[in-house]
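[1] Need coordinates for the below:
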Amino acid sequence: TYQGVSMSGNGTDAVVTPGGTVHRAVTIDGSAAALSGASPLIAATITVAGDGALTVTPGTTLRFAYSTQLDVLDGDWLTAQGTPAAGIAFTSAASPQQRGDWYYLRAFAGAHVRLSHVDVAYAGRGNYSALIVYATDTAIADSRTLAAQTWLDLDTLHENTHWTVPLPPQTGNRPTAAAN
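    Residues are numbered from 1 along each chain as shown. Predicted structure coming up:
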């Protein structure tokens, strides 16, 4: 647990996560209280697998390096539940930021995903959506994309029996759900 960490003069001024596989419960707390406002930098793809559970705390901004992504596999968890006062952002680490800087958040069949008060920004590299959901246990609320190719890939929505997606007005393509 980190509290009141100060980072300056080290070139990156961030906690750098080298990527890899999350096989256990891991919490990333990039809040002002924990890291004094420094955003964790995701330097390579992160895969949540093998009894993994990744939790991102309110007030955290995760900055993804060019061409990286976050994958959640069968049986594993991604929980990013911000609040109206302390949202969560998944965004590009590039400067300046551009649409498609990094790939996406992707949840495979059997994954469990909880997103609320989340912004996904500058994702959707290539022709991919910012959020790709094949999971059957997904809840997304009060979340949006900014400068992304498209918001949500709904290709397997008809097989998804335990999810809700009440989305506010947003930029880009807006998903619709019917007869689910």
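[2] contacts and neighbour counts: CA atoms only from here.
    Fine.
[3] Tell me how many other residues surround Pro96.
    7 (other CA atoms under 10 Å).
[4] Now stretch 21-34: buried residues?
    Residues of stretch 21-34 classed as buried under the neighbour-count rule (16 or more other CA atoms under 10 Å) are Val22, Ile28, Asp29, Gly30, Ser31, Ala32, Ala34.
[5] hmm, which two among the residues you listed are most spread apart?
    Val22 and Ala32 (23.9 Å; CA to CA).
[6] out of the buried residues of stretch 21-34, which one sits closest to Thr57?
    So of the buried residues of stretch 21-34, ranked by how close each gets to Thr57 (CA to CA), first place is Asp29, at 5.2 Å.
[7] Quick one: residues contacting the closest one.
    When the contact criterion is CA atoms under 8 Å, 6 or more residues apart in numbering, the partners of Asp29 are Leu35, Val56, Thr57, Pro58, Thr60.
[8] Could you list which of the residues you listed belong to strands?
    Taking DSSP state E, the ones among the contacts of Asp29 that sit in strands are Val56.
[9] What is the nearest of the buried residues of stretch 21-34 to Arg99?
    Gly30 (23.3 Å).
[10] separation between that closest one and Asp74?
    26 Å (CA to CA, to the nearest Å).
[11] just Thr136 next, same as before
    In terms of CA to CA, Thr136 sits 10 Å off from Asp74.
[12] The residue most central in space within the chain is in what secondary structure piece?
    By CA atoms, centre = their mean, the mean C-alpha position of the chain lies nearest to Phe90, the distance being 4.8 Å. Using DSSP states H and E, the element containing Phe90 is strand 88-92.
[13] Next: Ala33.
    Going by DSSP H and E, Ala33 is in helix 32-35.
[14] what's the model's confidence in that helix, averaged?
    Mean pLDDT, helix 32-35: 76.
[15] Would you tell me what the next helix or strand after it is?
    Under the assignment DSSP H and E, the closest C-terminal helix or strand after helix 32-35 is strand 41-42.
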